[in-house]
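[1] following is a predicted model, sequence given first.
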Amino acid sequence: MKANEMIDLSVEDLQNKTEELNQELFNLRFQLHTGHLENTARIPQIKKDIARVKTVLRKKQG
């Protein structure tokens, strides 16, 4: 998801999105350590998405 798309979301939606992405990151890390992760490039993508959501959320709150 791009930052332009996130600007239209509400603060509550952004917080929910952050929780979803954190849960997905946890699951991917768990799969990585158990040896079941096929797409290792997904972890950095999720981290960047979390950073984008937090940046937009900070702008809306401040």
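    Arrived safely.

[2] now the closest residue to Ala3 other than its chain neighbours: which helix or strand?
    Residue nearest to Ala3 in three dimensions, not counting chain neighbours: Arg52, with 5.2 Å by CB to CB, 6 or more residues apart in numbering. (C-beta placed from N, C-alpha, C; glycine too.) Applying DSSP states H and E as the criterion places Arg52 in helix 42-61.

[3] that helix - contacts with which helices or strands?
    Under the contact definition 3 or more CB pairs under 8 Å, 6 or more residues apart in numbering; DSSP states H and E, helix 42-61 sits against helix 3-7, helix 11-34.

[4] comparing these by mean pLDDT, which bottoms out?
    Mean pLDDT is lowest for helix 3-7 among the helices and strands packed on helix 42-61, at a mean of 86.

[5] buried residues in stretch 4-22?
    6, 9, 14, 17, 21 (16 or more other CB atoms under 10 Å).

[6] same question for stretch 34-46.
    Buried-residue list, stretch 34-46, by 16+ other CB under 10 Å: 43, 46.

[7] quick revisit: then the helix holding Arg52 to CSV, C-alphas only?
    Presented in CSV, the C-alpha positions along helix 42-61 are these (Å, rounded to 0.1, in the frame of the first residue of the first chain):
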residue,chain,number,x,y,z
ARG,A,42,8.2,-10.1,2.1
ILE,A,43,9.7,-9.2,5.5
PRO,A,44,11.4,-6.0,4.4
GLN,A,45,8.2,-5.0,2.5
ILE,A,46,6.1,-5.4,5.6
LYS,A,47,8.6,-3.4,7.6
LYS,A,48,8.4,-0.5,5.1
ASP,A,49,4.6,-0.7,5.1
ILE,A,50,4.6,-0.4,8.8
ALA,A,51,6.9,2.6,8.7
ARG,A,52,4.6,4.3,6.0
VAL,A,53,1.5,3.7,8.1
LYS,A,54,3.2,5.1,11.2
THR,A,55,4.4,8.2,9.3
VAL,A,56,0.9,9.0,7.9
LEU,A,57,-0.6,8.3,11.4
ARG,A,58,1.9,10.7,13.0
LYS,A,59,1.1,13.4,10.5
LYS,A,60,-2.6,13.1,11.1
GLN,A,61,-2.3,13.1,14.9
